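# Predicted model follows, preceded by the sequence.
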Amino acid sequence: MLTSSPLGPLDGLRFAFGTLTVLPVRVHRWDRGAARGGMLCAPVAGLVVGGCAAGLGLLLLLLGAGPLLAAVASVAVPAALTRGLHLDGLADTADGLGSGKPAEDALRIMKQSDIGPFGVLTLVLVLLAQVAVLAQLYGDSWARGAVAAVASAVAARLALTLAARAGVPAARPEGLGAAVAGVVPKGAALGAAAGVVVAAGTAGASFGWYDGVRTALAVVVAVAVGELLLRRCVRRFGGVTGDVFGALAETSATTALVVLAFGR
């Protein structure tokens with residue numbers, strides 16, 4: 001519903017949760033203002049998704065399950081809370097990038113319902129990496145594994161905030177990519193990134209200064225890798241799409257986890 005009324009304090013949160021999760025949140029506004037607020041609130045949605053993922057993993061550990069099963073559960077929760085759309089976007093983007101075809105043909109490949117070999121391989125490797133890291137971290141410390149699950153989910157959604165900044169075009173005139181492309185002012189995007197990095201560092205610092213630095217660094221590296229993928233997609237497709245946003249989220253989440261796997 002288009003509206004020119006002032007943006008309410010909850011409109012951004014409704015947009016973020018209504019478009020980035022399957023949680024029963026009704027989106028009242030679909031205009032650019034609501035999209036701006038929603039993309040700025042994307043890390044908050046990541047905090048909730050990551051909290052649910054960590055919560056299920058900890059519950060299974062408490063009930064006597066091993067770190068591997070807890071890790072699988074923690075990886076499954078974000079997939080379930082997004083109906084697998086981010087993973088689907090990752091697979092479609094991999095197929096589009098790997099096709100070697102012109103932008104128009106690559107975008108058409110990405111819209112097809114089937115998944116090609118590039119997409120399948122990418123999905124398998126990404127999910128294996130996520131499960132492997134979380135299993136390692138849960139095995140070392142339940143609390144550190146939980147923090148990693150939350151931090152990776154927040155980093156994933158922060159990548160979406162940065163990808164929706166001003167100057168990043170949409171590849172198509174329709175779809176989620178077009179709805180949120182360029183809506184976030186660059187200063188606001190950088191401010192959100194700084195806030196998330198500080199928050200991640202603070203959470204990690206509960207285990208010591210080294211863990212604080214490592215957790216903050218994981219978020220920084222995650223969004224840096226996401227930025228590289230974003231630039232590649234913009235050059236390749238002419239802009240962003242909903243699939244690209246999904247690919248950015250999964251790539252950034254995986255990168256954050258991989259960084260946290262080192263230095264123990």
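Perfect, thanks for sending it. Numbers count the residues shown, from 1 in each chain.

# Look up how far Val133 lies from Gly61.
Small correction: residue 61 is Leu, not Gly. Taking Cβ to Cβ, to the nearest Å as the measure, Leu61 falls 16 Å from Val133. Every C-beta, even on glycine, is put in place using the N, C-alpha and C of the backbone.

# quick one: which of the two has more around it?
Here Leu61 and Val133 are compared on neighbour count by other Cβ atoms under 10 Å; more neighbours surround Val133, at 24 against 20.

# Surely Val72 and Val131 touch.
Yes. Counting by Cβ atoms under 8 Å, Val131 is a contact partner of Val72 at 5.6 Å.

# And these two? Which one has more around it.
Val131 (20 against 17).

# for the helix or strand the more buried one falls within, packing partners?
Val131 belongs to helix 117-140 when assigned by DSSP states H and E. Secondary-structure packing of helix 117-140 (3 or more Cβ pairs under 8 Å, 6 or more residues apart in numbering; DSSP states H and E): helix 42-62, helix 67-81, helix 85-98, helix 142-163, helix 242-261.

# The shortest one packs against which elements?
I take that to be helix 85-98. In terms of contacts (3+ Cβ pairs under 8 Å, 6+ apart), helix 85-98 is packed against helix 67-81, helix 103-111, helix 117-140, helix 209-237, helix 242-261.

# redo that, cut-off 10 Å
Helices and strands touching helix 85-98, as assessed by 3 or more Cβ pairs under 10 Å, 6 or more residues apart in numbering; DSSP states H and E, comprise helix 11-20, helix 67-81, helix 103-111, helix 117-140, helix 142-163, helix 176-180, helix 209-237, helix 242-261.

# Alpha carbons only: can I get the lowest-mean-pLDDT helix or strand in the chain in PDB?
Here the helix or strand of the chain ranked lowest by mean pLDDT, DSSP states H and E is helix 176-180, holding a mean of 84. As requested, the backbone C-alpha atoms of helix 176-180 are provided in PDB (Å, rounded to 0.1, in the frame of the first residue of the first chain):
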ATOM      1  CA  LEU A 176      12.200  -7.000  -3.900                       C
ATOM      2  CA  GLY A 177      15.500  -5.900  -5.400                       C
ATOM      3  CA  ALA A 178      13.700  -3.000  -7.100                       C
ATOM      4  CA  ALA A 179      11.700  -2.200  -4.000                       C
ATOM      5  CA  VAL A 180      14.800  -1.700  -1.700                       C
END
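
# What lies in contact with it?
Applying Cβ atoms under 10 Å, 6 or more residues apart in numbering, the contact partners of helix 176-180 are 15, 19-20, 30-32, 34-36, 38-39, 42, 85, 89, 160-161, 163-164, 168-172, 237, 239-246.

# after it, next one along is what?
Counting by DSSP H and E, the next helix or strand C-terminal to helix 176-180 is helix 186-204.

# in that next one, what's buried?
188-189, 192-193, 196-197, 199-201, 203-204 (16 or more other Cβ atoms under 10 Å).

# and the angle from it to helix 42-62?
Orientation check (axes from the mean of the first three to the mean of the last three Cα atoms, to 10 degrees): helix 186-204 against helix 42-62 gives 20 degrees.

# so how far is helix 186-204 off the chain centroid?
With Cα atoms, centre = their mean, to the nearest Å as the basis, the distance from the averaged C-alpha position of helix 186-204 to the chain average is 15 Å.

# repeat for stretch 93-102
Using Cα atoms, centre = their mean, the distance from the centre of stretch 93-102 to the centre of the chain it belongs to is 21 Å.

# Give the rounded mean pLDDT of it.
For stretch 93-102, mean pLDDT rounds to 89.

# Please apply the same query to stretch 106-121.
Stretch 106-121 shows a mean pLDDT of 89 in the predicted model.

# Start and end of that stretch, how far apart?
Stretch 106-121 has an end-to-end distance of 18 Å (Cα to Cα, to the nearest Å).

# Need the residues that contact it.
Looking at stretch 106-121 with Cβ under 10 Å, 6+ apart, the contacting residues turn out to be 87-102, 122-123, 171-172, 175, 233, 236-239, 241-244, 247.
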